[in-house]
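[1] What follows is a protein structure lacking sequence information:
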């Protein structure tokens, strides 16, 4: 019965993408990932914690260049797996299903190369103001200087990754984050990076309530 649930969820998800104009190539690529995901989901309770754990395990075997598409698939597929029809309807309206992925990817780099570049990297005014605002918010919450320094370094890494993006929007931000995640081979460091980029996004995007998003449970440290 569990196996049937996965099959029905995959069929429903791919059928919806097809009606939205997804190419045959995109459908094939996503079906391959979903087959792998479904194999690992069988036997698990249909809840968020189980799903996130399985996704994290599966992603370890996904090539670095495919992380964005695979994570996008995992994010979109979840409500189909748990049969949350209200969530499917909400995603369908806003932000919608990603059937026309961008061709842009950040410049290839290693984590060491990015980290080393921070010593000499110069940041423009448009990059410095969200960094300063994030710094102030962390300090206001009582963060120690060592914690502030670490989080700002991680925020700077995402800014460097975004520099060649054709547009400054949430889609480019997500692509940059998803394709930077596999550079973090240590799970603890990857989870900290996730917390930082989710907090920093509010400053980068100009959210007037960004400071209220710091050190909140909603920032999350899981892949999806």
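    Sure, I can see it. Because the structure is predicted, anything quoted here is derived from the model rather than measured. Numbers count the residues shown, from 1 in each chain.

[2] Now the terminal residues of stretch 55-72, how far apart.
    Looking at stretch 55-72, the gap from its leading to its trailing residue is 11 Å under the measure CA to CA, to the nearest Å.

[3] Next, the buried residues of it.
    Of the residues in stretch 55-72, those buried under the neighbour-count criterion (16 or more other CB atoms under 10 Å) are 55-56, 58-59, 62, 66-72. Every residue, glycine included, has its C-beta placed from N, CA and C.

[4] Mind checking which of those are in strands?
    With strands taken from DSSP state E, there is no overlap with the buried residues of stretch 55-72.

[5] number of nearby residues for residue 103?
    Neighbour count for residue 103, taken as other CB atoms under 10 Å: 6.

[6] Domains in this structure, by residue range?
    With automatic domain parsing serving as the domain definition, the record reports that the chain contains domains spanning 2-93, 111-219.

[7] is it possible to export those domains to TSV including distance to residue 102 and mean pLDDT?
    Listed next are those as TSV, based on distance: least, CB to CB, whole Å; pLDDT from 0 to 100:
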stretch	distance to residue 102	mean pLDDT
domain 2-93	9	94
domain 111-219	6	95
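
[8] Including distance to residue 104, could those domains go into a markdown table?
    Below are those laid out as a markdown table (distance: least, CB to CB, whole Å):
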| stretch | distance to residue 104 |
| --- | --- |
| domain 2-93 | 10 |
| domain 111-219 | 6 |
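
[9] Of all those domains, which one is nearest residue 100?
    Proximity to residue 100 (CB to CB) singles out domain 2-93 among the domains of the chain, at 7.5 Å.

[10] chain center to that closest one: distance?
    Here the centre of domain 2-93 is set off from its chain's centre by 15 Å, with CA atoms, centre = their mean, to the nearest Å.

[11] returning to that earlier point: in helices, which of the buried residues of stretch 55-72 fall?
    With helices taken from DSSP state H, the overlap with those comprises 55-56, 58-59, 67-72.

[12] wait, which of those is closest to residue 187?
    Lowest distance from residue 187 to these (CB to CB) belongs to residue 56, with 8.2 Å.
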